[in-house]
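[1] Next come a sequence and a model predicted from it.
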Amino acid sequence: MSDEVLLFVYGSLLPGERDHELMAGATLIGPARTSAGYKLVDLGVYPALLVGGDVSVVGELYRIDKKRRFSIDVRKDCPVLFHRTSVTLEDGTVAEAYAMNEDQVRGKRRIAGGDWRRRFEPRPRVDQAGAFTRWARKRF
């Protein structure tokens, strides 16, 4: 039994985020992305990953020891708030990640692009103006 596991992080454990100090001593493997089968939800100060969906979530892949994983479990209130689950990355690698259930995040905003760091970027504007509005914009 190996003492190390692969952990996919996508939110508060990323560099520059509030819980990144918990990753001290972990080995960064590199940027990673899940396959398109998940959802990312904005809970305000941190995101939540949901299994089942059509979004490819952006994050980083780390190799951590089980002692460090336990300290992250404590911070994430695992298994009460978050639970650890296996996620499949774009390249087929299977890693652990912290996720929530749909019932826990009902009514919260989904992050369509799957990237926590880009959550404040404006959405592309789709102009659904009618013929009269398009004419008026050209005229005035």
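    On my side now, so go ahead.
[2] Torsion angles phi and psi at the residue nearest to Lys76 when sequence neighbours are not counted?
    Nearest residue to Lys76, sequence neighbours excluded (Cβ to Cβ, 6 or more residues apart in numbering): Phe82, at 4.3 Å. Bear in mind the C-beta positions are built from the backbone N, C-alpha and C, glycine included. In terms of degrees, to the nearest 10, the main-chain angles of Phe82 are phi -100, psi 160.
[3] which intervals of the chain have sub-threshold pLDDT?
    Applying pLDDT under 70 to the chain picks out residues 1-2, 123-127.
[4] all strands for it, in order.
    For the chain, the strands defined by DSSP state E occupy 4-9, 27-33, 38-42, 47-51, 58-65, 83-88, 94-99, 109-110.
[5] With mean neighbour count and distance to Trp116 as extra columns, can I get those in TSV?
    As requested, the strands of the chain are exported to TSV (neighbours: other Cβ atoms under 10 Å; distance: least, Cβ to Cβ, whole Å):
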stretch	mean neighbour count	distance to Trp116
strand 4-9	21	10
strand 27-33	13	12
strand 38-42	22	7
strand 47-51	23	5
strand 58-65	20	7
strand 83-88	16	15
strand 94-99	20	13
strand 109-110	13	12
